[in-house]
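Trainee: okay, structure incoming, though there's no sequence with it:
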Ligand code: GDP
């Protein structure tokens, strides 16, 4: 994902090697190169501005330390600032103290929510939890079936509306808020300790979709609302993330399709712009292509 950015930054730092001391002009030239590399990687302009401002200030103010030469010092600063814009510490799921932990997924259609639901369920199951998936995407014709397939692959049950049932609990067909509520109730009754609620997305940000997501959030009071974003969407990332944050006030970000070879600016922008942590990375179509997101490891990978 970050090959080109990584190469550009490495080349920039190479230019500083062998310099005994950095002048202001050296720092400015380096910061300029970093700015260009980030913009070319599609990182959002305000994030680039903030990032390079910090790097410049810290590089100019840096003590000349015996242990690090100037080039190593700049690499260290850039590394620390990258960790910062990626959310700082690794953030784990906040588990409910009593009752099931409710995790709601939100994002545009095609972002990778349904796939993520299966990945997350499989991952939590491997850690000894007993998850259930709830199919609240009633918009897309195949979404419920797709979640059922994913649930089967993950070895996890799926709560879905069955058209034609009689009781309110068994038959909330057609109403995603009722399905979400019933799904959580089902989890309580069957003693599942994790409920993962898949919701509908649209191709673009849409007021009806957002209102529906907001109503689901209000109805089930999730412990986490994960915003799933396709890392390859480029410059649209910031607007989309901001709209979802205003709409559903998500608690964490999942970067999907990090295995792609696009420029990856989304990955480097959304956490910084929304102030919410990236919690997971989704890196392929198989249910095992999934990991906890570690900002420090990602920064090191970029600067490798
Ligand atoms: P949803 O509409 O948000 O539920 O998105 P889906 O889960 O249906 O995913 C949309 C498409 O992206 C599907 O073809 C998935 O197989 C694919 N996909 C999902 N996650 C990843 C990922 O991390 N990497 C890659 N390469 N493809 C993915």
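Mentor: Arrived safely, thanks for sending. These figures come from a predicted structure and were not determined experimentally. Numbers count the residues shown, from 1 in each chain.
Trainee: so is the helix or strand in which residue 217 is found next to the ligand?
Mentor: Per DSSP states H and E, residue 217 falls inside helix 207-220. No: under the criterion of CB under 6 Å from any ligand atom, the ligand is not reached by helix 207-220; the shortest gap measures 11.8 Å. No exception for glycine: its C-beta is placed from N, CA and C like everyone else's.
Trainee: which strands or helices does that helix pack on?
Mentor: Packing contacts for helix 207-220, counted by 3 or more CB pairs under 8 Å, 6 or more residues apart in numbering; DSSP states H and E, involve strand 101-106, helix 176-189, strand 194-199, helix 236-248.
Trainee: mind running it again at 6 Å?
Mentor: helix 176-189, helix 236-248 (3 or more CB pairs under 6 Å, 6 or more residues apart in numbering; DSSP states H and E).
Trainee: so for the shortest one, what gets flagged as buried?
Mentor: Within helix 236-248, the residues that qualify as buried by neighbour count (16 or more other CB atoms under 10 Å) are 237, 238, 240, 241, 243, 244, 245, 247, 248.
Trainee: is the ligand contacted by that helix?
Mentor: No: counting by CB under 6 Å from any ligand atom, the ligand is not contacted by helix 236-248; separation bottoms out at 12.3 Å.
Trainee: who's in contact with stretch 16-36?
Mentor: Outside of stretch 16-36, the residues within contact range by CB atoms under 6 Å, 6 or more residues apart in numbering are 12, 48, 52, 55, 56, 59, 60, 70, 71.
Trainee: repeat for stretch 274-285
Mentor: With contact meaning CB under 6 Å, 6+ apart, stretch 274-285 is reached by 86-87, 91, 112, 116, 241, 245, 252-256, 258-259, 271, 289-291, 293.
Trainee: ok, back up a step: distance to residue 298 and mean pLDDT added to the helices and strands packed on helix 207-220, as a markdown table?
Mentor: Formatted as a markdown table, those follow (distance: least, CB to CB, whole Å; pLDDT from 0 to 100):
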| stretch | distance to residue 298 | mean pLDDT |
| --- | --- | --- |
| helix 176-189 | 32 | 94 |
| helix 236-248 | 16 | 94 |
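Trainee: any idea how many residues pack against the nearest residue to residue 291 once chain neighbours are set aside?
Mentor: The shortest distance from residue 291 to any non-neighbouring residue, by CB to CB, 6 or more residues apart in numbering, is to residue 281 (5.4 Å). By other CB atoms under 10 Å, 23 other residues sit near residue 281.
Trainee: again with residue 207
Mentor: As a burial measure, residue 207 scores 10 neighbours (other CB under 10 Å).
Trainee: how much space is there between residue 232 and the ligand?
Mentor: 9 Å (CB to the nearest ligand atom, to the nearest Å).
Trainee: so what's residue 117 up against?
Mentor: Neighbour list for residue 117: 133, 196, 198 [criterion: CB under 6 Å, 6+ apart].
Trainee: filter those to the buried ones?
Mentor: Neighbour counting over the contacts of residue 117 (16+ other CB under 10 Å) leaves 133, 196, 198 as the buried ones.
Trainee: so where does the residue nearest to the spatial centre of the chain fall, helix or strand?
Mentor: Nearest to the mean C-alpha position of the chain, by CA atoms, centre = their mean, lies residue 254 at 2.1 Å. According to DSSP H and E, residue 254 maps onto strand 252-256.
Trainee: which strands and helices sit next to that strand?
Mentor: strand 224-230, helix 265-274, strand 278-282.
Trainee: contact residues of the stretch 1-150 of the chain facing the ligand?
Mentor: When proximity is defined as CB under 6 Å from any ligand atom, the stretch 1-150 of the chain approaches the ligand at 107, 109, 110, 111, 112, 113, 114, 115.
Trainee: likewise for the stretch 151-300 of the chain?
Mentor: Residues of the stretch 151-300 of the chain found near the ligand (CB under 6 Å from any ligand atom) are 201, 256, 257, 259, 282, 283, 284, 285, 289.
Trainee: please repeat the previous calculation with a cut-off of 8 Å.
Mentor: By the rule CB under 8 Å from any ligand atom, the part of the stretch 151-300 of the chain lying against the ligand is 198, 201, 228, 230, 256-260, 282-285, 289-290.
Trainee: filter these down to the buried ones, PyMOL style.
Mentor: Of those, the buried ones go into a single PyMOL selection, burial set by 16+ other CB under 10 Å:
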select buried, resi 198+201+228+230+256+257+258+282+283+289+290
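Trainee: among the residues of the stretch 151-300 of the chain next to the ligand, which has the minimum pLDDT value?
Mentor: Lowest pLDDT within these is found at residue 260 (80).
Trainee: quick check: the farthest pair among the residues of the stretch 1-150 of the chain next to the ligand?
Mentor: Across these, the longest distance by CB to CB is 12.4 Å; it joins 109 and 115.
Trainee: if you count what's nearby, which of the two comes out ahead?
Mentor: Ranked by neighbour count (other CB under 10 Å), residue 109 and residue 115 place residue 115 first, with 23 against 17.
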